[in-house]
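Novice: Structure for this input, please:
(one chain, ligands or ions: 2)
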Amino acid sequence: MERDDDPPENSPAGEDDKQLPEAFEAAEGTYPPDSGVPTITCSRCDREWELSYELDELQVGNRALEQFAMDHNHHTGHYPDGVTPWTAACRQCPAGESFLAERPARRFAKTHARHTTHTVDLQQPESDETETIQPPSE
Ligand SMILES: [Zn+2]
Ligand SMILES: [Zn+2]
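Specialist: Ligands and ions are numbered 1, 2, ... in the order given. Coordinates of the predicted model:
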């Protein structure tokens, strides 16, 4: 069984890994420049963000970028620079959703087709290719 919600396993083990509340407070808003906090830009918003909130508050680790992109789309209706989602869109009803990975996008398309007998278009990121998911025939 594959799971999506496993915690990231790339943290080094050891005493240094313990994140004390004091460290959080000290780091708040003033990351040292060598902290390696990733940044992300959005040309539509004309802004740049550090992903420190995602890393510290949400504890999403190496999925910080993905979390930011999903949140950004949720609140603004578009994705930040460099993030291109998979899009599943039903041809027969308003159902549709964007995903940052193929597996959930494909799953959405297939289950929608299966339950509604609608035909769903699955658009790959950075490609003009659209895959058509047909409902299973009897
Ligand atoms: Zn934006
Ligand atoms: Zn539909």
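Novice: residue contacts, residue 73?
Specialist: With contact taken as Cβ atoms under 8 Å, 6 or more residues apart in numbering, residue 73 is in contact with 79, 85, 98. Any C-beta I mention is one placed from the backbone N, CA and C, and that applies to glycine too.
Novice: Same question for residue 104.
Specialist: Shown in contact with residue 104 (Cβ under 8 Å, 6+ apart): residue 86.
Novice: For the strand or helix carrying it, buried residues please.
Specialist: Using DSSP states H and E, residue 104 sits within helix 102-116. For helix 102-116, the neighbour count (16 or more other Cβ atoms under 10 Å) marks 105-106, 108-110, 112-113 as buried.
Novice: Kindly state the domain boundaries assigned to this structure.
Specialist: Taking automatic domain parsing as the criterion, the chain consists of the domains 37-83, 86-133.
Novice: Return the member of these having the minimum mean pLDDT.
Specialist: Note on the domains of the chain: lowest mean pLDDT is at domain 37-83, with a mean of 90.
Novice: Endpoint to endpoint, that one covers what distance?
Specialist: Here the two ends of domain 37-83 are set 18 Å apart, with distance taken as Cα to Cα, to the nearest Å.
Novice: what's the answer for stretch 80-94, then?
Specialist: Stretch 80-94 has an end-to-end distance of 24 Å (Cα to Cα).
Novice: need the buried residues of helix 102-116 in TSV with distance to ligand 1, can you?
Specialist: Formatted as TSV, these follow (distance: Cβ to the ion, whole Å):
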residue	distance to ligand 1
105	21
106	26
108	23
109	26
110	30
112	27
113	31
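Novice: Go through those and name the one nearest residue 89.
Specialist: When those are compared for distance to residue 89 (Cβ to Cβ), residue 109 wins out at 8.8 Å.
Novice: tell me the contacts of the closest one?
Specialist: By Cβ under 8 Å, 6+ apart, the contact set of residue 109 is 88, 120-122, 133.
Novice: Okay then, goodbye and thanks.
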